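J.: based on what follows, work out the 3D shape:
(one chain, ligands or ions: 1)
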Amino acid sequence: MKAITYTKYGAPDVLTPEQVTTPTPRDNEVLVKIQATSVTTGDQKARSLDLPRGYGLLGRLVFGILAPRRQILGTELAGRIVAVGRNVTRFKIGDDIFAYPGARLGGYAEYAALPEDAAIALIPSQLSYKEAVGLSFGPATALNFLHDKGDIQSGENVLIVGASGGVGTAAVQLAKYFGAHVTGVCSTTNIELVLSLGADQVIDYTQEDFSQSGADYDIILDTTGTVSYQSAQKALRSGGRFLMVSGDLPQLLSMSFARKRDGKKGIAGYAPEKAEELAFIAKLVEAGQFSPVIDRCYPLAEIQDAHAYVDTGRKKGNVIISVGDQL
Ligand SMILES: NC(=O)c1ccc[n+]([C@@H]2O[C@H](COP(=O)([O-])OP(=O)(O)OC[C@H]3O[C@@H](n4cnc5c(N)ncnc54)[C@H](OP(=O)(O)O)[C@@H]3O)[C@@H](O)[C@H]2O)c1
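T.: Below is the predicted model of the structure:
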């Protein structure tokens with residue numbers, strides 16, 4: 001099968017087309033004919049090993065010490081199940097699914113074999129493969145941080161820093177779904193987008209520093225790594241939570257050792273890939289309460305250009321890659 005592989009870490013030109021063996025599903029696996037994948041910040045980091053300060057060694061342990069252990073990137077994918085192992089009961093041939101292999105990777109290819117209990121869910125009926133592929137990385141991360149880690153409650157005042165990105169566009173919509181009053185932090189060009197996702201108000205970070213505005217929040221979710229615990233603490237209400245989706249090791253250490261006042265908490269960590277979270281997001285889509293934001297779409301042959309765009313750090317929502325001919 002056709003795939004995009006990489007054998008060393010680096011700039012987008014490490015990604016090259018290659019013919020590789022089509023996987024055969026094991027007894028507990030499904031074989032997916034992939035129609036769409038994407039370039040997430042996870043793919044970008046696994047390709048470049050350009051990680052936040054202090055995470056270099058951890059990155060090499062996860063992705064490969066000297067060179068990539070898994071040579072086909074692609075943290076999320078959507079397509080049709082074309083074969084199933086003999087013990088598979090959750091899915092059948094012909095099911096249209098989206099999946100979040102996450103750090104297992106594998107989306108930049110014509111086929112992928114995945115365990116049936118991996119993070120896989122049926123595509124909501126109204127979505128194309130191209131739209132469904134953006135339901136994993138950003139939404140599952142936002143859901144994990146807001147709900148599982150942050151214990152978001154209806155009526156809370158929530159600030160999303162990085163509201164126009166892959167995680168942020170999902171976080172704004174999910175926080176609204178949970179009944180919060182949402183403020184999105186973004187640049188001037190993305191104000192309309194963030195308001196269209198349901199944010200009650202926006203703060204333009206090129207004009208104003210949210211921590212100086214005097215507002216107080218129950219939750220501050222930061223996807224940009226630009227907010228310190230100390231400045232978040234000033235803008236949090238008593239009992240407030242600072243959710244650090246992205247940040248470097250010095251920030252994490254300073255948050256861990258900071259004196260916590262008034263029951264305020266700082267929470268960081270990894271958002272795991274879970275099937276039930278994908279199913280939850282698919283239900284919200286079916287109910288018209290969530291829709292993925294697509295910025296650009298590239299064919300697989302232009303994967304280097306797509307990665308170069310994501311490297312700018314300016315993407316809005318998702319950058320999609322078409323693999324098959326049905327989008
Ligand atoms: N902990 C976990 O398990 C986990 C899981 C997934 C992702 N992550 C991490 O989360 C981070 C965000 O991922 P992502 O996919 O959402 O990134 P992304 O889509 O690349 O984010 C880009 C967006 O961020 C905005 N932005 C940049 N600087 C900003 C600032 N100072 N204030 C407000 N907005 C700003 C940009 O808007 P402008 O162009 O207008 O600036 C752009 O729209 C990444 O570092 C990723 O590795 C962590």
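
J.: can you pull the residues of the stretch 1-150 of the chain lying near the ligand?
T.: Residues of the stretch 1-150 of the chain lying close to the ligand by Cβ under 6 Å from any ligand atom are 40-41, 45, 138, 141. Any C-beta I mention is one placed from the backbone N, CA and C, and that applies to glycine too.

J.: rerun that using 5 Å as the cut-off
T.: Counting by Cβ under 5 Å from any ligand atom, the residues of the stretch 1-150 of the chain lying close to the ligand are 41, 141.

J.: all the strands of the stretch 1-150 of the chain, residue numbers only.
T.: Counting by DSSP state E, counting those that start in this stretch, the stretch 1-150 of the chain has strands at residues 2-5, 16-19, 29-38, 77-84, 96-99, 111-115, 120-122.

J.: can you redo the ones you listed as TSV with mean neighbour count and mean pLDDT?
T.: TSV is the format used below for these (neighbours: other Cβ atoms under 10 Å; pLDDT from 0 to 100):
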stretch	mean neighbour count	mean pLDDT
strand 2-5	20	98
strand 16-19	12	97
strand 29-38	26	98
strand 77-84	22	98
strand 96-99	25	98
strand 111-115	22	98
strand 120-122	22	98
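
J.: okay if I get these as a markdown table plus distance to Q230?
T.: Below are these laid out as a markdown table (distance: least, Cβ to Cβ, whole Å):
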| stretch | distance to Q230 |
| --- | --- |
| strand 2-5 | 42 |
| strand 16-19 | 45 |
| strand 29-38 | 35 |
| strand 77-84 | 40 |
| strand 96-99 | 39 |
| strand 111-115 | 42 |
| strand 120-122 | 39 |
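
J.: wait, isn't P115 in contact with E29?
T.: Yes - P115 is within contact range of E29, at 5.5 Å (criterion: Cβ atoms under 8 Å).

J.: so what's L135 up against?
T.: Listed by Cβ atoms under 8 Å, 6 or more residues apart in numbering, the contact set of L135 reads 98, 121, 127, 278, 281-282, 285, 292.

J.: farthest pair within these?
T.: Largest separation among the contacts of L135 by Cβ to Cβ: A121 and P292, giving 13.4 Å.

J.: name the helices or strands packed onto the least confident helix or strand in the chain by mean pLDDT?
T.: Using mean pLDDT, DSSP states H and E, helix 249-257 stands out as the lowest-scoring helix or strand of the chain, at a mean of 91. If contacts are counted by 3 or more Cβ pairs under 8 Å, 6 or more residues apart in numbering; DSSP states H and E, helix 249-257 sits against helix 229-235, strand 236-244.

J.: could you identify which of those is most buried?
T.: Highest mean neighbour count of the helices and strands packed on helix 249-257: strand 236-244, a mean of 21 (counted as mean count of other Cβ atoms under 10 Å).

J.: taking this structure, what residue is nearest to the ligand?
T.: Of all residues in the chain, G165 sits closest to the ligand, at 2.5 Å by Cβ to the nearest ligand atom.

J.: give me phi/psi at that residue?
T.: phi -90, psi -170 (degrees, to the nearest 10).

J.: now it: how far from K283?
T.: Between G165 and K283 the distance is 24 Å, computed by Cβ to Cβ, to the nearest Å.

J.: quick one: name the residues of the stretch 201-327 of the chain near the ligand.
T.: Listed as neighbours of the ligand in the stretch 201-327 of the chain under the rule Cβ under 5 Å from any ligand atom: 205, 223-224, 226, 245-246, 270-271, 314-316.

J.: just among those, which is most surrounded?
T.: In terms of neighbours by other Cβ atoms under 10 Å, these top out with T223 at 29 neighbours.

J.: all helices of the stretch 201-327 of the chain, in order?
T.: For the stretch 201-327 of the chain, the helices defined by DSSP state H, counting those that start in this stretch cover 229-235, 249-257, 275-286, 303-311.

J.: ok, now the stretch 51-200 of the chain?
T.: Secondary structure of the stretch 51-200 of the chain (DSSP H, counting those that start in this stretch): helices located at 56-63, 129-132, 137-143, 166-177, 191-196.

J.: could I get those as JSON lines with distance to L77 and mean pLDDT?
T.: Compiled in JSON lines, the helices of the stretch 51-200 of the chain are given as follows (distance: least, Cβ to Cβ, whole Å; pLDDT from 0 to 100):
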{"stretch": "helix 56-63", "distance to L77": "18", "mean pLDDT": "94"}
{"stretch": "helix 129-132", "distance to L77": "9", "mean pLDDT": "96"}
{"stretch": "helix 137-143", "distance to L77": "11", "mean pLDDT": "98"}
{"stretch": "helix 166-177", "distance to L77": "15", "mean pLDDT": "98"}
{"stretch": "helix 191-196", "distance to L77": "25", "mean pLDDT": "98"}
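
J.: go through these and name the closest to D216.
T.: helix 166-177 (16.1 Å).

J.: gap between the closest one and the chain center?
T.: Put simply, helix 166-177 sits 11 Å off its chain's centre (Cα atoms, centre = their mean, to the nearest Å).
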